[in-house]
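*Asks:* Need coordinates for the below:
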Amino acid sequence: MKFVYAFTIAAALLIAPACACAQDPPDAPLPAALTNANKLFLGNAGDQENADCLRAYDDFYQGLSALARFQLVDDPNKADLVLELHYEIALGQAVGSQNLAGNSIRQFRLVLIDPRSHTVLWSLTERTNYAIFQKNRNKNLDETVATLVADLNSLVSPQPVVPRNKSVVTH
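*Replies:* Residues are numbered from 1 along each chain as shown. Next up, the predicted model:
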């Protein structure tokens, strides 16, 4: 009888941790400053002399305004969240087989900063295809900026909580 009791306890101890490990760990929560932000300040951390950078900054600002869920403020001290838009060119890394300056990888990086602690909370990056002709470059910039606005909106939007490994049923 003691043997059966000891065997049962040992088996339960061995099985219990295996069951607990089978569950996926919970997703890490987003910083509250991201999901609670209502007032945004947008800073241009790109090249002020670059027409593409200035155009992208204006387009991104208009994209934020079109979301109609944020109040854009002109002072970072009045903001719940500070956004820095960076226009980056990786001169040492070329797209394609030729290493030409016009073929360098270009990207926009949006850095989300807590205005009180100055802590970087998140960063979003989208690459853009450089084009020789201005019309094509404008099209590429438009697409990249629209994607970055959508990325931000998706990040800070409240998402329904769906348990892992379960499907959502709608009626």
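
*Asks:* Show me the strands in the protein, by range?
*Replies:* Ranges of strands in the chain, per DSSP state E, are 39-44, 71-72, 81-94, 104-113, 120-128.

*Asks:* Which among these is found nearest to residue 30?
*Replies:* strand 120-128 (7.7 Å; CB to CB). In this view, the C-beta of every residue, glycine as well, is placed from N, C-alpha and C.

*Asks:* Packing partners of that closest one?
*Replies:* Using 3 or more CB pairs under 8 Å, 6 or more residues apart in numbering; DSSP states H and E, the elements in contact with strand 120-128 are helix 32-35, strand 104-113, helix 134-156.

*Asks:* so where is the protein shaky, pLDDT-wise?
*Replies:* 1-22, 48, 90-104, 159-171 (pLDDT under 70).

*Asks:* Now do the same contact list for the most centrally placed residue in it.
*Replies:* Closest to where the C-alpha atoms of the chain average out (CA atoms, centre = their mean) is residue 124, at 3.8 Å. By CB atoms under 8 Å, 6 or more residues apart in numbering, the contact set of residue 124 is 109, 110, 112, 148, 151, 152, 155.

*Asks:* Wait, the third one touches residue 122, no?
*Replies:* So that's residue 112. Yes - Residue 112 is within contact range of residue 122, at 4.3 Å (criterion: CB atoms under 8 Å).

*Asks:* Comparing these two, which shows the higher neighbour count?
*Replies:* With neighbours defined as other CB atoms under 10 Å, residue 112 and residue 122 compare such that residue 112 has more, 22 against 17.

*Asks:* Contact partners for residue 106?
*Replies:* 87, 88, 89, 90, 127, 128, 129, 130.

*Asks:* number of nearby residues for the fifth one?
*Replies:* Around residue 127 there are 16 other residues, counting by other CB under 10 Å.

*Asks:* Skipping adjacent residues, who's closest to it in space?
*Replies:* Nearest residue to residue 127, sequence neighbours excluded (CB to CB, 6 or more residues apart in numbering): residue 107, at 4.5 Å.

*Asks:* Quickly list what the one you found is bridged to.
*Replies:* Per DSSP bridges, residues listed as beta-bridge partners of residue 107: residue 88, residue 127.

*Asks:* That one against residue 129, yeah?
*Replies:* No - if you go by CB under 8 Å, residue 107 and residue 129 don't touch, sitting 10.5 Å apart.

*Asks:* Spit out the contact partners of the residue nearest to residue 127.
*Replies:* 87, 88, 90, 125, 126, 127, 128.
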